[in-house]
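Visitor: need a 3D model of the sequence below.
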Amino acid sequence: MKRHTLLYIYIVMCMGMMLVSCDDRIVFSRYESTPVRGWERNDTLSFNIDPMQETNMYAEEVGLRITGDYPFKGLSLVVEQTLHPSNIKFIDTLNCDLIDDVGHAHGKGINHYQYLFPLTTVKLDKGESVHVAIHHCMKREILPGVTDVGLTLSRLVTTGIQTKEDKQKESKAPQR
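Guide: Next comes the predicted model:
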């Protein structure tokens, strides 16, 4: 009897975790790895977002994963976006604060740190797709310690009822 009760509790907990972990607002989320030898200034990471299923406002975030080998307190990125089929282009510079003055990482992790930085809020029409290219613009040609760069596109709530998370994303990101 105890065995069945424990199994039942385990199954209910797993199903609950699966429901909580799903976020139907995320339309696109992907990371690209950088070369092991270091991320060169001319190594551009590309992301292609499929055509939108509906017209809506979307929040864009850039994700970073670094190791303890990263030698600087910050990282400057150039993010170039092209909307298709209109061929409208946007270029943003994102300055990422990674490590404080004492040497503690702001990201989550122990020796590998993960960060999410709000980029912008953009209105995308149904059928519109986006090509995003990201490269660093640091003085040093090759950056060690940057392992992955990612992009997340999330649908913002348009029902008039916003969650606390939606309000934070909108307030941190510049709008287009």
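Visitor: can we go C-alpha only for contacts and neighbour counts from here?
Guide: OK.
Visitor: where are the low-confidence patches of the protein?
Guide: 1-23, 158-176 (pLDDT under 70).
Visitor: what are the boundaries of the strands in it?
Guide: 26-33, 39-40, 45-49, 56-67, 74-84, 88-97, 112-124, 129-136, 142-143, 146-155 (DSSP state E).
Visitor: out of those strands, which gets nearest to residue 105?
Guide: Minimum separation from residue 105 across these (C-alpha to C-alpha) falls at strand 112-124, 7.3 Å.
Visitor: centre of the chain to that closest one, how far?
Guide: 4 Å (C-alpha atoms, centre = their mean, to the nearest Å).
Visitor: just confirm residue 95 contacts residue 76, I think it does.
Guide: Yes: applying C-alpha atoms under 8 Å as the test, residue 95 and residue 76 come out as touching, 4.5 Å apart.
Visitor: state the distance from residue 98 to residue 38.
Guide: As for residue 98, its distance to residue 38 is 17 Å (criterion: C-alpha to C-alpha, to the nearest Å).
Visitor: quick one, which of the two is more surrounded?
Guide: residue 98 (20 against 16; other C-alpha atoms under 10 Å).
Visitor: okay, the closest residue in space to the more buried one that isn't next to it in sequence and residue 103: tell me how far apart.
Guide: Nearest residue to residue 98, sequence neighbours excluded (C-alpha to C-alpha, 6 or more residues apart in numbering): residue 74, at 5.0 Å. According to C-alpha to C-alpha, residue 74 and residue 103 sit 11 Å apart.
Visitor: equivalent analysis for residue 56, please.
Guide: Taking C-alpha to C-alpha, one finds residue 56 at 40 Å from residue 103.
Visitor: let me see the contact set for the closest residue to residue 44 other than its chain neighbours.
Guide: Sequence neighbours aside, residue 135 is the residue nearest to residue 44 in space, at 4.8 Å (criterion: C-alpha to C-alpha, 6+ apart). Going by C-alpha atoms under 8 Å, 6 or more residues apart in numbering, residue 135 touches 41, 42, 43, 44, 45, 77, 78, 79.
Visitor: the last one: what's it in contact with?
Guide: Which is residue 79. Counting by C-alpha under 8 Å, 6+ apart, residue 79 has contacts 91, 92, 93, 94, 132, 133, 134, 135.
Visitor: from these, pick the one nearest residue 25.
Guide: Nearest to residue 25 among the contacts of residue 79 is residue 132, at 19.5 Å by C-alpha to C-alpha.
Visitor: any idea what that closest one is bridged to?
Guide: Legend: beta-bridge partners of residue 132 under DSSP bridges are residue 47, residue 81.
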